[in-house]
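Novice: can you look at this prediction? I've put the sequence above it.
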Amino acid sequence: MKEKWVMNNTNADFEKVDMILAETLERFINEGVSPFVYGMALMEVGIAALAKVGEDEASVTEQAGLIAARVMPAISGPR
């Protein structure tokens, strides 16, 4: 049976990834990379990583939907 991975804000690996991605995002911005381009690239890396740990397409799609539901209102909320 495959192990289920769960994002957990207290997980040390999640904290490491958060720091690495924050630095990477800052570099994308400083280098003038289009948010669409780095967004698609990061999404591709994420999908490949999930496939590598055995997630199927339905699970990846479900996780993407959950992430979008959590993140998009915060980004496109009132200004």
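Specialist: Ah, there it is.

Novice: three-state assignment of I47?
Specialist: Recorded secondary structure, I47: helix (DSSP: H, G, I helix; E, B strand; the rest coil).

Novice: and the helix or strand that contains V17, what other elements does it pack with?
Specialist: Secondary structure assigned from DSSP states H and E places V17 in helix 12-30. On a contact count with 3 or more CB pairs under 8 Å, 6 or more residues apart in numbering; DSSP states H and E, helix 12-30 meets helix 35-52. Placement of C-beta: from N, CA and C, glycine included.

Novice: the helix or strand following the helix it packs on vs helix 35-52, what angle?
Specialist: Using DSSP H and E, the helix or strand that follows helix 35-52 towards the C-terminus is helix 57-76. Using axes from the mean of the first three to the mean of the last three CA atoms, to 10 degrees, the direction of helix 57-76 lies 150 degrees away from that of helix 35-52.

Novice: sorry, back to before: buried set for the helix holding V17?
Specialist: Residues F28 are the ones in helix 12-30 that count as buried (16 or more other CB atoms under 10 Å).

Novice: quick one: average confidence on it?
Specialist: The average pLDDT within helix 12-30 is 94.

Novice: could I have the CA atoms of it written out in PDB?
Specialist: What follows is helix 12-30 as a C-alpha-only set of coordinates in PDB (Å, rounded to 0.1, in the frame of the first residue of the first chain):
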ATOM      1  CA  ALA A  12      10.300  20.100   8.900                       C
ATOM      2  CA  ASP A  13      10.400  19.200   5.200                       C
ATOM      3  CA  PHE A  14       7.500  21.600   4.500                       C
ATOM      4  CA  GLU A  15       9.300  24.400   6.300                       C
ATOM      5  CA  LYS A  16      12.500  23.700   4.200                       C
ATOM      6  CA  VAL A  17      10.500  23.800   1.000                       C
ATOM      7  CA  ASP A  18       8.800  27.000   2.100                       C
ATOM      8  CA  MET A  19      12.100  28.700   2.600                       C
ATOM      9  CA  ILE A  20      13.500  27.400  -0.700                       C
ATOM     10  CA  LEU A  21      10.400  28.400  -2.700                       C
ATOM     11  CA  ALA A  22      10.300  31.900  -1.100                       C
ATOM     12  CA  GLU A  23      13.900  32.500  -2.200                       C
ATOM     13  CA  THR A  24      13.100  31.100  -5.700                       C
ATOM     14  CA  LEU A  25      10.000  33.300  -6.000                       C
ATOM     15  CA  GLU A  26      12.000  36.300  -5.000                       C
ATOM     16  CA  ARG A  27      14.600  35.500  -7.700                       C
ATOM     17  CA  PHE A  28      11.900  35.000 -10.400                       C
ATOM     18  CA  ILE A  29      10.500  38.400  -9.500                       C
ATOM     19  CA  ASN A  30      14.000  40.100  -9.500                       C
END
